[in-house]
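In: Here's my sequence, what's the structure:
(one chain, ligands or ions: 1)
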Amino acid sequence: MPTLFLTGASGFVGFQILLQYLRTTPEDHLVRAALRSQREATRLRAIPALQPHLSRVSFVEVPDIAAPDAYDAHIACHPDTDGEERTAGEEQGGGAGGVKEEAQVPDVIIHAASPVPCPTQNPYKDIYVPSVRAVENILSSVRKAILLQQKGKKPPGERKPRKVVFTSSLAAVTPHAPPAGTHEEEETDPEEKGTGTKTSAWRIVHISETSSTPAEPADLQSLRPAAMYSAAKAKGLALVESFCETTFAETGDMGTGIDVDAVLPAFVFGPDERATTRGQVMGSSNALLLGPLFTGDAAGGAPMPIAGTVVDIRDVAQCHVKLALGRPGLGRGREPREEDRRWATPGPRLNKFLCARDADWNALLRHARAIAQEKGLVVAPTPRGEAEGEQPEEQKQDAFISLPVDIDTRATEDALGIQFRSPEEMVADLVTYVVGLPD
Ligand SMILES: NC(=O)c1ccc[n+]([C@@H]2O[C@H](COP(=O)([O-])OP(=O)(O)OC[C@H]3O[C@@H](n4cnc5c(N)ncnc54)[C@H](OP(=O)(O)O)[C@@H]3O)[C@@H](O)[C@H]2O)c1
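Out: Modelled structure (predicted):
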């Protein structure tokens, strides 16, 4: 039976992938989801949205995604030191993975687990190391599966995954510090803001499927959480690219028959089907937008510089699921553009898929507030001071410094037959979703 091995299923993105996969696929498609503990499994089993599908999901424990060989028992057979491999089922309770039940080599792997930016005293240890090591561990297990099959120890087609999808991030291909310079921008409505043109100390960053990962910062160990996260995602993506080039070449190019994809989402928000109360919707990247909506300020009270690009959780999940089920014909009835050609030619390459829409975060916030007020939701006034009506327009403070980014997602949308929701639609759906939840 087709089996998906999914990491990160307890998270915002991973849970939506899990649901969408189960809702889209026939009954014979199974999911094995790796979680830190069985306690997490109990928590997920209790979520109403998952309950109709529980018979098709099993949970396995991977207590430490950074531990060497963390995923071997779930993805590949274990080569012993004497060269003999054991199946995951024979590995009962042993190894870093601590398998609890008979496991089969999955057809598809989606790796969505990763620490995201969070307050920590040691961002290198808490964000970079687990994020990067988990990618290394997935790759190492996949490589073992390929090599075992190539040695003829298992019947062809039965003992290796056919597809691996990595959840990366746009942060992985965005320069660690946006290039300095002065960017002049025409205000769309000079009357409204009264400034005519405004300048910002950032250049527009252009990102497409062919953008490469930036070099690792020299001061890696001392980066703050958000920059550490970007560096970790860049390193992870670079490792996957290098894997595609070296391992595929070493094992006979496309003879491996494994397709490797990376999904690069912008800031994700949208309905969080794990949540049963309004407060729980804040336990994800939704908090970036909803935080200022409910508090009136960006985090810490100061405007937050943030790349002006967002994507809906449902679109991100759909990309993953479409890739897991097999990408439809590339180019979809059109001659591929020069930069897409590599997709149409078989070769040991990583396929990157960008999920993003350009957006101005302050405009999103204004839109969210208007909809929330219309629906009777109590929100904080933004910008600050507006409620009192005391501050002149020019002294009001935006919650965000929304940095312009130019992202070309046409190749992704064409290849997957997806049209990403507009930021306005995303905001309207999210606010409506929040309003529908109990306090
Ligand atoms: N949300 C966004 O805006 C966004 C944008 C671009 C890319 N992404 C990518 O999407 C993926 C999921 O992000 P998310 O927003 O869903 O974050 P999330 O809600 O925090 O989920 C993260 C997932 O990774 C697991 N995880 C994190 N650190 C771990 C560790 N040290 N050991 C074991 N498991 C660990 C979490 O498990 P626990 O539940 O046990 O902690 C959870 O399942 C990540 O790869 C992230 O880089 C997210």
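In: okay, the one residue in the stretch 1-150 of the chain that gets nearest to the ligand: pLDDT?
Out: Nearest residue of the stretch 1-150 of the chain to the ligand: residue 11, at 2.0 Å (CB to the nearest ligand atom). For glycine as for every other residue, the C-beta is placed from the backbone atoms N, C-alpha and C. For residue 11, the pLDDT comes out at 98.
In: what about it, how many residues close to it?
Out: Residue 11 has 19 neighbours, counted by other CB atoms under 10 Å.
In: Need phi/psi at it.
Out: Phi and psi for residue 11, reported as degrees, to the nearest 10, are phi -90, psi 170.
In: Find the nearest non-adjacent residue to it, please.
Out: In space, not counting the residues next to it along the chain, residue 11 is nearest to residue 112; the distance is 6.6 Å by CB to CB, 6 or more residues apart in numbering.
In: Quick check: that neighbour vs residue 76, distance?
Out: 20 Å (CB to CB, to the nearest Å).
In: Looking at those two, which one has more neighbours?
Out: Higher neighbour count among residue 112 and residue 76: residue 76, with 27 against 24, using other CB under 10 Å.
In: Make sure the more buried one is actually in contact with residue 145.
Out: Yes: using CB atoms under 8 Å, residue 76 is in contact with residue 145, at 3.8 Å.
In: Is there any residue in stretch 162-180 that contacts the ligand?
Out: Yes: using CB under 6 Å from any ligand atom, stretch 162-180 reaches the ligand at 167, 169.
In: and that stretch, average pLDDT?
Out: Per-region confidence: stretch 162-180 scores 83 on mean pLDDT.
In: Enumerate the residues of this protein near the ligand.
Out: Contact residues (CB under 6 Å from any ligand atom) of the chain with the ligand: 8, 10-14, 36, 40, 65, 112-116, 130, 167, 169, 233, 265, 267-268, 284-285.
In: Inside helices: which ones of those?
Out: 12-14, 40, 130, 233 (DSSP state H).
In: now, among those residues, which is nearest to residue 149?
Out: Nearest to residue 149 out of these is residue 14 (CB to CB; 27.5 Å).
In: what's near enough to touch the closest one?
Out: Residues near residue 14 by CB atoms under 8 Å, 6 or more residues apart in numbering: 6-8, 33, 110, 112-113, 167.
In: Do you know the pLDDT at it?
Out: On pLDDT, residue 14 comes in at 98.
In: Also the one 4 residues further on?
Out: At residue 18, the predicted lDDT confidence score is 98.
In: isn't it right up against residue 57?
Out: Yes: between residue 18 and residue 57 there is a contact under CB under 8 Å: 7.3 Å.
In: Show me which of these two is the more surrounded one.
Out: Counted by other CB under 10 Å, residue 18 and residue 57 do not tie: residue 18 has more neighbours, with 29 against 20.
In: any idea how far residue 165 is from residue 138?
Out: Distance, residue 165 to residue 138, by CB to CB: 10 Å.
In: Now the common contact residues for those two.
Out: Common contact partners of residue 165 and residue 138 (CB under 8 Å, 6+ apart): 109, 111.
In: quick revisit: now the common contact residues for residue 18 and residue 57.
Out: Residues touching both residue 18 and residue 57 (CB under 8 Å, 6+ apart) are 31, 33, 50.
In: you'd agree the second one is up against residue 56?
Out: No: taking contact to mean CB under 8 Å, the distance of 10.7 Å between residue 33 and residue 56 leaves them out of contact.
In: Among these two, which residue is more densely surrounded?
Out: Taking neighbours as other CB under 10 Å, residue 33 and residue 56 compare with residue 33 leading, 24 against 18.
In: Show me what the helix or strand where the more buried one lies is packed against.
Out: Per DSSP states H and E, residue 33 falls inside strand 30-35. Applying 3 or more CB pairs under 8 Å, 6 or more residues apart in numbering; DSSP states H and E, we find strand 30-35 packed against strand 3-7, helix 12-24, helix 38-45, strand 57-61.
In: centre of the chain versus it, how much separation?
Out: Distance of strand 30-35 from the chain centroid (CA atoms, centre = their mean, to the nearest Å) equals 17 Å.
In: any idea of the mean pLDDT for it?
Out: The predicted model assigns strand 30-35 a mean pLDDT of 97.
In: list the contacts for residue 409?
Out: Residue 409 makes contact with 354-357, 420, according to CB under 8 Å, 6+ apart.
In: What strands line up against the strand holding residue 33, and which way round?
Out: strand 3-7 (parallel), strand 57-61 (parallel) (DSSP bridges).
In: And the furthest pair within the ones in helices among the residues of the chain next to the ligand?
Out: Pairwise distances among these were taken by CB to CB; the largest, 23.0 Å, belongs to 40 and 233.
In: neighbour-wise, which of the two wins?
Out: Neighbours per residue (other CB under 10 Å) separate residue 40 from residue 233, with residue 233 holding more: 29 against 16.
In: Quick one: residues contacting that one.
Out: Applying CB under 8 Å, 6+ apart, we find residue 233 in contact with 114, 131, 168-169, 171-172.
In: And it, what's its pLDDT?
Out: Taking residue 233 on its own, its pLDDT is 98.
In: swap in residue 1?
Out: 81.
In: ok, how many other residues are close to it?
Out: Using other CB under 10 Å, residue 1 is surrounded by 9 other residues.
In: Skipping its backbone neighbours, what lies nearest it in space?
Out: That would be residue 28: by CB to CB, 6+ apart, it lies 5.0 Å from residue 1.
In: what do you get for residue 115?
Out: Of all residues not flanking residue 115 in the chain, residue 127 sits nearest, at 4.6 Å (CB to CB, 6+ apart).
In: list the contacts for the one you found?
Out: When the contact criterion is CB under 8 Å, 6+ apart, the partners of residue 127 are 115-118, 120, 225, 228-229, 232.
In: got it, and residue 434?
Out: Applying CB under 8 Å, 6+ apart, the residues near residue 434 are 278, 281, 290, 372, 377.
In: Among those residues, name the buried ones.
Out: By neighbour count, with 16 or more other CB atoms under 10 Å, these hold 278, 281, 290, 372, 377 as buried.
In: Can you tell me which of these is closest to the ligand?
Out: Lowest distance from the ligand to the buried ones among the contacts of residue 434 (CB to the nearest ligand atom) belongs to residue 281, with 11.9 Å.
In: Who are the contact partners of the residue lying closest to that closest one once chain neighbours are set aside?
Out: Once flanking residues are discounted, residue 281 sits nearest to residue 275: 4.7 Å by CB to CB, 6+ apart. Residues near residue 275 by CB under 8 Å, 6+ apart: 281, 283, 437.
In: so what's residue 141 up against?
Out: 69, 71-72, 74-76.
In: just residue 228 next, same as before
Out: Contact analysis of residue 228 by CB under 8 Å, 6+ apart lists 117, 123-124, 127-128, 220.
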